[in-house]
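**Q** Kindly generate the corresponding structure for this input.
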Amino acid sequence: MTKLTIEQIKKMFVAGAAAISEQYEYINELNVFPVPDGDTGSNMKITAEGATNVIKGMEFKDLFTLGRQFSRALLMNARGNSGVIFSQIIKGFVSVFKENVTELTIGEFADAFSKAKEIAYRAVTTPIEGTILTVIRVTAENIDKKKNTYTSIEDLMKDVIKESEDILAQTPDFLPELKNAGVVDSGGYGLVCFFKGMRESFNMSDEKIKEAKQVVKKPLPTKTIKPAFVDNNDGFGYCCEFIAKLGSKVVVEQKDKESLNEKNLKKELLEIGDSLAIVRDEDILKVHVHSVNPYKVLQIGQKYGEFSKVKIENMTFQFLERNPGMTLEKSSKKTNLSQKPAVIATIPTKKLKELFIDDLAVNYVIDCEKNGNPSIQEFIDALNAVKSAKILLLVDDGNMVLAANEAISLFTNMNQGARVHLINTKDIAATHNLCLAYNPEEDFDSNIKKLSKDFKLTAVGKISKSVKMVKYSHIDVKKNDFIGIIDKKIISSSKNIDTVIKQTFANLVKINKKARNAYIFYGVDVAPATLNIIEKEWMEKYGMKLHFIPSSESIYLFHFALR
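**A** Predicted coordinates:
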């Protein structure tokens, strides 16, 4: 096979998603931390399935339309950092899909992996090697070296599997955390699963692919897939296209045009847009790019020649017209949003909703108990719901940051002048502390400045139960040990919960010696007797005022915040 049709590529995507679904529980178990909140597999499963549910029943006129729909659906369904990075990998992969073309060549297929690497790395501010990023990077680079030697798609895909498995096996050499836990990177493993599913689709009928999608080890009761997001466009802003004759002028008196350097042109356009395609045929230049500033696109193009054809379409308006169920505001005018600041917070359980809405200055909460990490669409819905041009967004888990940032970017593009300040509190107790410090009577900037300072002074820790044995350089953790965690580091491990509580709290006091209040979130498995002991001993020893808050969590027995 030397070319792939639209239908074959659809099968590859569906089979790839099915392969992730089959392995999602194992991917979750690869979490390096011995706490059962590692949901990389669940996030990738929901992200991939949500997108394949969009494309399965659709017919596509060309590769470009298929890629646009699948990439966009992945993005809007993306959950967690792993889901967002995976969506960016696929965004790069499908960027080689051309308009009015229905087949993908071997060379284009090889180039797709290089583009996948490029876009994925561009999406992450500080790429960490030893992760899914390393898997796509090394795989793409090795495939690119040999791309002119492949005579069939099957041989190329066989190499993709080999290269990705080889670098996946090396991920523990990049990250000590992986080596200590004796596992490979979970996101990288999920990507390899997707590649294997793509290859297996070559020998699978449509019926077999549908069956494979249902083969999971057991259901995931706490994670549910929202109805898939359907998009008829490839983004917000403007779709800009022009055809220009290089070197030509509108009037004789014009100064001479610049000589075209395609590398410089590409760099200029990517600084103000994406989804870029450049085609040159002798003295004719055709450009396709998406940007929120179409006038800048034309200014750049006019440096090299004059236009024979220009087309600019508002994708935002098209998107809203074709998706009437969406909650995005239809106008980008600043006046449509209130200037009164609003606060949005993620919370781990529904139990905490009343506390944050009624007792604290929070306008909207994203309850993560049912669906886990919020998707980009859920963040967008929250941002739109508060109808404010000044929003403080507090997330209690670093695994939500990429999805939150993508949503913020889309929201601010849609609402010019809107500001969203994101704080990754890393813990619900820290979120609670910042909400206590927030003063709705003060202006937005003063609050941000005060909360940033307060966040640095807050001492936060938590206690969970280990689900596996892990040996670190500073501590050995046994399965079923109670473990104390501060700033993602296990500082105590014991079969005795009282020992872990005392050691964790003592370390927190060292961090914030001036603290006078301790806020203690306790989970469903904490016995009242344990709370009584904490109250008696800590008040006598530290002289702090203790505030006990039931969280109904099952994974974390305690969250502590000292302020």
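
**Q** which parts of the helix or strand hosting Lys510 are buried?
**A** In the assignment (DSSP states H and E), Lys510 maps to helix 497-511. Buried positions in helix 497-511, judged by neighbour count with 16 or more other C-beta atoms under 10 Å: 497, 500-505, 507-509. Using the backbone N, CA and C atoms, a C-beta is placed for each residue, glycine as well.

**Q** What lies in contact with it?
**A** 459-463, 482-486, 491-494, 515, 518, 530, 533-534, 537-538, 542, 557-558, 560, 562 (C-beta atoms under 8 Å, 6 or more residues apart in numbering).

**Q** rerun that using 6 Å as the cut-off
**A** 459, 461, 463, 482, 484, 486, 491-492, 494, 560, 562 (C-beta atoms under 6 Å, 6 or more residues apart in numbering).

**Q** so how far is that helix off the chain centroid?
**A** Centroid displacement of helix 497-511 relative to its chain, using C-alpha atoms, centre = their mean, to the nearest Å, is 33 Å.

**Q** Tell me the helix or strand right after it.
**A** With DSSP H and E, the next secondary element past helix 497-511 is strand 517-522.

**Q** elements contacting that next one?
**A** Helices and strands touching strand 517-522, by 3 or more C-beta pairs under 6 Å, 6 or more residues apart in numbering; DSSP states H and E, are helix 428-437, strand 545-550, strand 556-562.

**Q** let's see it at 10 Å
**A** helix 428-437, strand 459-465, helix 497-511, helix 528-542, strand 545-550, strand 556-562 (3 or more C-beta pairs under 10 Å, 6 or more residues apart in numbering; DSSP states H and E).

**Q** what's the closest of those to Leu355?
**A** strand 545-550 (6.8 Å; C-beta to C-beta).

**Q** Just the angle for the helix holding Lys510 relative to strand 556-562, thanks.
**A** 20 degrees (axes from the mean of the first three to the mean of the last three C-alpha atoms, to 10 degrees).

**Q** Run the angle between helix 497-511 and strand 517-522 for me.
**A** Between helix 497-511 and strand 517-522, the angle comes out at 150 degrees (the same axes, to 10 degrees).

**Q** So which bits of stretch 533-540 are buried?
**A** By 16+ other C-beta under 10 Å, the buried positions in stretch 533-540 come out as 534, 538.

**Q** For Ser291, give me its contacts.
**A** 235, 237-240, 269-276, 297, 300, 312 (C-beta atoms under 10 Å, 6 or more residues apart in numbering).

**Q** Ranking by neighbours, what's the top pick from those residues?
**A** Neighbour tally across the contacts of Ser291 (other C-beta atoms under 10 Å): the maximum, 26 neighbours, falls on Cys240.

**Q** could you show me where the strands are in the stretch 1-150 of the chain, in order?
**A** Ranges of strands within the stretch 1-150 of the chain are 3-5, 103-105, based on DSSP state E, counting those that start in this stretch.

**Q** My read is that Asp62 contacts Ile9, right?
**A** No: between Asp62 and Ile9 there is no contact under C-beta atoms under 10 Å: 11.3 Å.

**Q** Which of these two has more residues huddled nearby?
**A** A direct count of neighbours by other C-beta under 10 Å for Asp62 and Ile9 places Ile9 higher, at 24 against 16.

**Q** Would you confirm that the more buried one contacts Leu104?
**A** Yes: applying C-beta under 10 Å, one finds Ile9 in contact with Leu104, separated by 6.6 Å.

**Q** anything in contact with each of the two?
**A** 63, 67, 94, 97, 112.

**Q** For the first one, which non-adjacent residue is closest in space?
**A** The reference is to Leu63. Nearest non-adjacent residue to Leu63, counting by C-beta to C-beta, 6 or more residues apart in numbering: Phe97, 3.7 Å away.

**Q** and the one you found, what does it touch?
**A** Contact analysis of Phe97 by C-beta under 10 Å, 6+ apart lists 6, 9, 60, 62-68, 70-71, 104, 108, 112, 277.

**Q** what do you get if the cut-off is 6 Å, keeping everything else the same?
**A** 63-64, 67.

**Q** Going by neighbour count, list what's buried in the longest helix seen in the chain.
**A** The residue-count maximum for a helix in the chain (DSSP state H) belongs to helix 6-29. Residues of helix 6-29 classed as buried by neighbour count (16+ other C-beta under 10 Å): 6, 9-24, 27-29.

**Q** what's the answer for stretch 365-384, then?
**A** For stretch 365-384, the neighbour count (16+ other C-beta under 10 Å) marks 365-369, 371-384 as buried.

**Q** and those, which of them are in strands?
**A** Of these, the ones assigned to strands by DSSP state E are 365-367.

**Q** could the residues you listed be laid out in JSON lines, adding pLDDT and distance to Lys450?
**A** Below are those laid out as JSON lines (pLDDT from 0 to 100; distance: C-beta to C-beta, whole Å):
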{"residue": "Val365", "pLDDT": "95", "distance to Lys450": "22"}
{"residue": "Ile366", "pLDDT": "95", "distance to Lys450": "23"}
{"residue": "Asp367", "pLDDT": "91", "distance to Lys450": "27"}
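
**Q** out of those, who's nearest Tyr438?
**A** Ranked by distance to Tyr438 (C-beta to C-beta), those are led by Val365 at 14.0 Å.

**Q** Hmm, that closest one is touching Lys353, no?
**A** Yes: if you go by C-beta atoms under 6 Å, Val365 and Lys353 touch, sitting 5.4 Å apart.

**Q** just to revisit the earlier point, by pLDDT, give me the weakest of the contacts of Ser291.
**A** Scanning these for pLDDT, the low point is Gly235. It has 52.

**Q** about what we covered before: same list, the buried residues of helix 497-511, but as JSON lines with distance to Ile408 please.
**A** JSON lines is the format used below for those (distance: C-beta to C-beta, whole Å):
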{"residue": "Ile497", "distance to Ile408": "39"}
{"residue": "Val500", "distance to Ile408": "37"}
{"residue": "Ile501", "distance to Ile408": "37"}
{"residue": "Lys502", "distance to Ile408": "40"}
{"residue": "Gln503", "distance to Ile408": "38"}
{"residue": "Thr504", "distance to Ile408": "33"}
{"residue": "Phe505", "distance to Ile408": "35"}
{"residue": "Asn507", "distance to Ile408": "34"}
{"residue": "Leu508", "distance to Ile408": "31"}
{"residue": "Val509", "distance to Ile408": "36"}
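
**Q** These into CSV, with extra columns for distance to Ala437 and pLDDT?
**A** Formatted as CSV, the buried residues of helix 497-511 follow (distance: C-beta to C-beta, whole Å; pLDDT from 0 to 100):
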residue, distance to Ala437, pLDDT
Ile497, 30, 92
Val500, 28, 94
Ile501, 25, 94
Lys502, 27, 93
Gln503, 27, 95
Thr504, 23, 94
Phe505, 21, 92
Asn507, 23, 94
Leu508, 18, 93
Val509, 20, 92
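
**Q** Of the residues you listed, which is the nearest to Tyr438?
**A** For those, the nearest to Tyr438 is Leu508 (22.1 Å; C-beta to C-beta).
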